[in-house]
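# Provide a 3D model corresponding to the input given below.
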Amino acid sequence: MAQSIAFRRYRLILLAALAATTACNAGLDPQAATLAQADRESTQLHKRYKEDERYALRIRTDTARGRIWMLGTGYQVRIYDQESKRLLRQIRLPGWLVVKTPCMPDLVLDRTGSAYVSSNVSAWLWRIDAASFQVWVHEVRMPGREALDVGFGALAFDRKGALYGLAPSGSSIWAIDVVNASASIMETHLPPLDACELTAQTLDRLEARR
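As a prediction, this is how the structure comes out:
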């Protein structure tokens, strides 16, 4: 009898605890639940962003439009919202090729926010429109190129908005005419450039020497 009474008391305590929990859940602030869900989603977004950031070949930030562009090894470009780190677009690059060398392909943004992507295997350029995200492929003629200069590694715009590319061999800089899909040698027999990087400052120094 004593054991039966104890069991009934235990059952009542359990039921009371369950009722209290149900009441608590029923009274949960909907805004708090929404915030908790948003926090979980934000954590997942940042985790994915950090993973892509870790393996990206190039990362460029367009602060004017709040975008981050990443060139990955998987033949694609991913565009993230700068603030939320939400993936906005994933764009495939048809025919894009890459080999692992000290001078890897590049991605640069022009003044309109459109992207240009190079290949260190072929003399092609991929242009991604900032508004429509449509991709155009340009096969660039490189007259007089050397055997190793079959494409472009680093890319850079000068202060006037003209595009230049550093050959994968690192030995020459080319002025690129995107409209006519051609390139001409600007500088040859260069000293080694750090990490195969081409900047507007580098172009300024070369222009000053001419």
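
# quick one: contacts for the residue nearest the centre of the chain?
Note on the chain: the residue nearest the mean C-alpha position is residue 70, at 1.0 Å, using Cα atoms, centre = their mean. Residues in contact with residue 70, defined by Cβ atoms under 8 Å, 6 or more residues apart in numbering, are 52, 53, 56, 58, 59, 77, 78, 79, 80, 107. Where you see a C-beta, it was placed from the backbone N, CA and C, and this is true even at glycine.

# make TSV from those residues and add neighbour count and secondary structure to it.
Formatted as TSV, these follow (neighbours: other Cβ atoms under 10 Å; DSSP: H, G, I helix; E, B strand; the rest coil):
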residue	neighbour count	secondary structure
52	18	helix
53	15	helix
56	18	coil
58	19	strand
59	13	strand
77	25	strand
78	20	strand
79	19	strand
80	23	strand
107	22	strand
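
# among those, which one sits closest to residue 133?
For those, the residue nearest residue 133 by Cβ to Cβ is residue 79; the value is 7.6 Å.

# hang on, the closest one packs against residue 68?
Yes: Residue 79 is within contact range of residue 68, at 7.2 Å (criterion: Cβ atoms under 8 Å).

# where does the chain dip in pLDDT?
Residue ranges of the chain with pLDDT under 70: 1-43, 75, 146-149, 189-195, 209-210.

# same thing but 50
1-3, 12, 14-15, 18-19, 22-24 (pLDDT under 50).

# strands of this structure, start to end?
Listed in chain order, the strands of the chain (DSSP state E) span 58-62, 67-71, 76-81, 87-92, 107-109, 115-118, 124-128, 135-139, 155-157, 163-166, 172-177, 182-188.

# to residue 200, which of these lies closest?
strand 155-157 (5.9 Å).

# what does the closest one rub up against?
Against strand 155-157 from outside (Cβ under 8 Å, 6+ apart): 106-108, 110-111, 116, 118, 163-166, 198-200, 202-203.

# which two in those are spaced the farthest apart?
Spanning the widest gap among the contacts of strand 155-157 are 111 and 166, at 20.7 Å by Cβ to Cβ.
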